[in-house]
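> the sequence and its predicted three-dimensional model are supplied below.
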Amino acid sequence: MKYCIVLIVFFFIACITESCGKRCNDSGCTGTDVPLFGFRLSNNANKDLLTGAFKVYDSSQLRIKAKRVNASSLEDISRGFRFFGDTLAITSFSVNERFSVYYLQLNGTITDSFFFRYNKNVNACCDLSQFNFTQHNTMAVTASKLPYLHVIVK
């Protein structure tokens, strides 16, 4: 009899937990998008300005700065480089919701600003939040979901 009662209680608990909350197995959650923004510096002829024969800027002097949402000071942001042969260099950095704007600094001078919108979308099973690249300098751009590669013509 004790065995029967334990089995009934176990079955009852299993039924309650199965019916309560959301079953996430079939929720259709996709993988999280990486909040990575990449850019390439080129001239009007589509020649790279960080490497190769048309190099104008020293990649070691390139900095990414960011302004926190609740502060006015700028912080250096880690950035990475990918070089493809001696003719193409792509720079990238991770975007974070703690920062309101990112800046490109070339040879000690801030030349460009990048703005992103954070779309928070969390449900019971998934975090489908994502970033969109929305503005370059003072120009609005077609909102593009990250990861994204942008070409900056200098």
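Great, that's in hand.

> could you list the single helix or strand in this protein with the lowest mean pLDDT?
Evaluated with mean pLDDT, DSSP states H and E, the helix-and-strand set of the chain has its lowest mean pLDDT in helix 2-19, which scores a mean of 39.

> if I look at residue 129, how far off is residue 146?
11 Å (CB to CB, to the nearest Å). Yep, even glycine has a C-beta here, placed from its N, CA and C like the rest.

> these two - which one has more neighbours?
Between residue 129 and residue 146, counted using other CB atoms under 10 Å, residue 146 has the larger neighbour count: 18 against 14.

> pull the contacting residues for that one.
Taking CB atoms under 8 Å, 6 or more residues apart in numbering as the criterion, residue 146 is in contact with 33-37, 95, 116, 130-133.

> only whichever of these are buried, select them in PyMOL.
Selection command for PyMOL covering only the buried members of those, criterion 16 or more other CB atoms under 10 Å:
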select buried, resi 35+37+95+116+130+131+132+133
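
> could the contacts of residue 146 be laid out in a markdown table, adding pLDDT?
Converted to a markdown table, those look like this (pLDDT from 0 to 100):
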| residue | pLDDT |
| --- | --- |
| 33 | 76 |
| 34 | 84 |
| 35 | 91 |
| 36 | 94 |
| 37 | 95 |
| 95 | 95 |
| 116 | 95 |
| 130 | 87 |
| 131 | 92 |
| 132 | 93 |
| 133 | 95 |
